[in-house]
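J.: Provided below for reference: sequence and predicted model.
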Amino acid sequence: TYSYTKSQELFKKAADIIPCGIYGHFSPAPLIPASDYPFYVAKAEGSKFHDVDGNEFIDYMCGYGPMVLGYSNPVIDTAARTQRKNVNCATGPAEVMVDLAQELVNTIPIADWAFFAKNGADVTAYSLMIARAYTGRDKIIRLKGGYHGTAPWAQSPNHHGITFNDANDIVIGEWNNYDDLEKYVHKHKNEVAGIISTPYHHPTFADNEYPADSYWKKVENLCKNEGIVLIVDDVRTGFRLDMGGSNEYFGFKPDLIAFCKAIGNGYPISALVGTNDLMNAASNVFHTGSFWFSAEPMAAALATIRELKHTNAVKKMFDTGTKLNKGLTEIAKDHGYDLKITGHPAMSYYRITDDPSLMLHQKWCGECTKRGAYFTSHHNWFISAAHSDEDITKTLLIADEAFKAIKK
Ligand code: PMP
């Protein structure tokens, strides 16, 4: 099994000069035991990365989502490099911005326009501003356990650096609870500007959950009848379930969809798309950033979307994930464990049942990681189109060894 001397040395140094050493979702804090995990990456290609100690991992986190067509994908990198040679950051946008907007409008059924930024949080924040500008109302409903970024409105008022007023008009509802949602909206008639939600529930440290039958259709109708803007946060799920937006997968039509992560195969770009009705409000809201017009990531995103479609990558990821899940379920069973798998096969959440403290599951994920299959225990994993049958076969062997190890 692997050792991580250099990763640990770097982290020790970083802890003195960088807050948390490594902050946010890359923080080693939820990786238990942290000694089973690499912290620093040296290079990445296809479905794999190498850490600074020279260990190789089949990557089941894909950078927490952005990598969808393989690291260092030659098609995407060539498109990006070609654009960069001409212009990346200058005093105006490049032609590719219009081409990318056109591609999104052609690909996503609800999209009549597209807007670009850098991070998921840039476009979820923009979606709230548009909903408020359009309706002239203040309140936004978001759902408990849903993640929309680190902007103060999206955080718990109890968290460090957040004040009560930061989230004053943010109302927290419950996933899959249509009746409560309806009750609230009727009680606060003409007060709710928007509802923001992920297309299915994918919280951390908990089983993921699909929408109940007709849940989304009912929410869509409620929003239409009450003049509320329906916002889908497809930042994590986008381009893994359906090229037309994950709402198409679940059969409903929102007014706005936020994309990030997989849209540029690792190049920094996010997008908000919306319907014609909201074009005017979207134009009236002031929202921009120093690097939001950079052309290289736009060229990468254009190439990524075309390549995803051209290679039928969504189906490939579904099939690869299904194969992985079937194999893991059987191996767990052979060892006397019940591995519960929830969410979409291209980005499932895993949990060994009868393990309320998660200790056993954490241990198993760590044992897999230090044998070369990078698994987290608290967050959904991600499959890419670069994951091969060979990767899955190797991963299942590793999973088998790891089950043997946790029994000892
Ligand atoms: N929404 C969802 C569903 C996410 O998963 C994330 C990122 N994990 C965000 C929004 C925020 O995106 P970013 O970190 O790029 O701001």
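T.: Right, received. Where do you want to start?

J.: what sits against the nearest residue to D400 once chain neighbours are set aside?
T.: For D400, the nearest residue in space outside its immediate sequence neighbours is I331; the separation is 5.2 Å by Cβ to Cβ, 6 or more residues apart in numbering. Bear in mind the C-beta positions are built from the backbone N, C-alpha and C, glycine included. When contacts are counted by Cβ atoms under 8 Å, 6 or more residues apart in numbering, I331 is found next to L396, A399, D400, F403.

J.: Check the gap between I331 and A346 for me.
T.: When Cβ to Cβ, to the nearest Å is applied, the distance between I331 and A346 equals 20 Å.

J.: from the contacts of I331, which would you call buried?
T.: With neighbours counted using 16 or more other Cβ atoms under 10 Å, the contacts of I331 contain these buried positions: L396, A399, D400, F403.

J.: quick revisit: can you tell me which of the contacts of I331 lies closest to the ligand?
T.: Checking the contacts of I331 against the ligand with Cβ to the nearest ligand atom, the nearest one is A399 at 25.5 Å.

J.: And the closest one, which helix or strand is it part of?
T.: Assigning secondary structure by DSSP states H and E places A399 in helix 389-407.

J.: Could you list every helix and strand in contact with that helix?
T.: Helix 389-407 makes packing contacts with strand 56-59, helix 313-334, helix 359-369, strand 373-374 when contacts are defined by 3 or more Cβ pairs under 8 Å, 6 or more residues apart in numbering; DSSP states H and E.

J.: one more time with 6 Å, if that's ok
T.: Contacting helix 389-407 under the criterion 3 or more Cβ pairs under 6 Å, 6 or more residues apart in numbering; DSSP states H and E are the following elements: helix 313-334, helix 359-369.

J.: Show me which positions of the longest one end up buried.
T.: This means helix 313-334. Residues of helix 313-334 classed as buried under the neighbour-count rule (16+ other Cβ under 10 Å) are 313-314, 316-318, 320-321, 323-325, 327-329, 331-332.

J.: repeat for stretch 381-392
T.: For stretch 381-392, burial by neighbour count (16+ other Cβ under 10 Å) applies to W381, F382, I383, S384, A385, A386, H387, D391, I392.

J.: before we move on, what about stretch 224-239?
T.: With burial defined by 16+ other Cβ under 10 Å, the residues of stretch 224-239 counted as buried are 226, 228-239.

J.: Nearest to D122 among these?
T.: Using Cβ to Cβ, V235 comes nearest to D122 of those, at 10.3 Å.

J.: Specify the local secondary structure of that closest one.
T.: At V235, secondary structure determined by DSSP: H, G, I helix; E, B strand; the rest coil is coil.

J.: residues touching it, list them.
T.: Under the criterion of Cβ atoms under 6 Å, 6 or more residues apart in numbering, the contact list for V235 reads G120, A258, C260, K261.

J.: make it 7 Å
T.: Contact analysis of V235 by Cβ atoms under 7 Å, 6 or more residues apart in numbering lists G120, A258, F259, C260, K261.

J.: any idea how far F375 is from the second one?
T.: Spelled out, that is A258. For A258, the distance to F375 equals 27 Å [Cβ to Cβ].

J.: Equivalent analysis for the third one, please.
T.: The spacing between F259 and F375, counted by Cβ to Cβ, is 26 Å.

J.: which of those two has more neighbours?
T.: For F259 versus F375, the count of surrounding residues by other Cβ atoms under 10 Å is larger for F259: 31 against 27.

J.: Quick check, E401 in contact with R371.
T.: Yes. In this structure E401 lies within contact range of R371 using Cβ atoms under 7 Å: 5.9 Å.

J.: Look at those two and report which has more neighbours.
T.: Just comparing E401 and R371: by other Cβ under 10 Å the higher neighbour count belongs to R371, 20 against 14.

J.: residues near the residue lying closest to R240 once chain neighbours are set aside, how many?
T.: In space, and not counting its chain neighbours, R240 is closest to A346: 4.4 Å by Cβ to Cβ, 6+ apart. Other residues lying near A346 total 30 when counted by other Cβ under 10 Å.

J.: next one: I170
T.: For I170, the number of neighbouring residues by other Cβ under 10 Å comes to 19.

J.: Check N190 too.
T.: The burial metric for N190, expressed as a neighbour count using other Cβ under 10 Å, is 13.

J.: Enumerate every residue touching the nearest residue to it once chain neighbours are set aside.
T.: Counting by Cβ to Cβ, 6+ apart, N190 lies nearest to R137, which is 6.6 Å off, once chain neighbours are set aside. Contacts of R137 were listed using Cβ under 7 Å, 6+ apart, and they are N190, E191, V192, A193.
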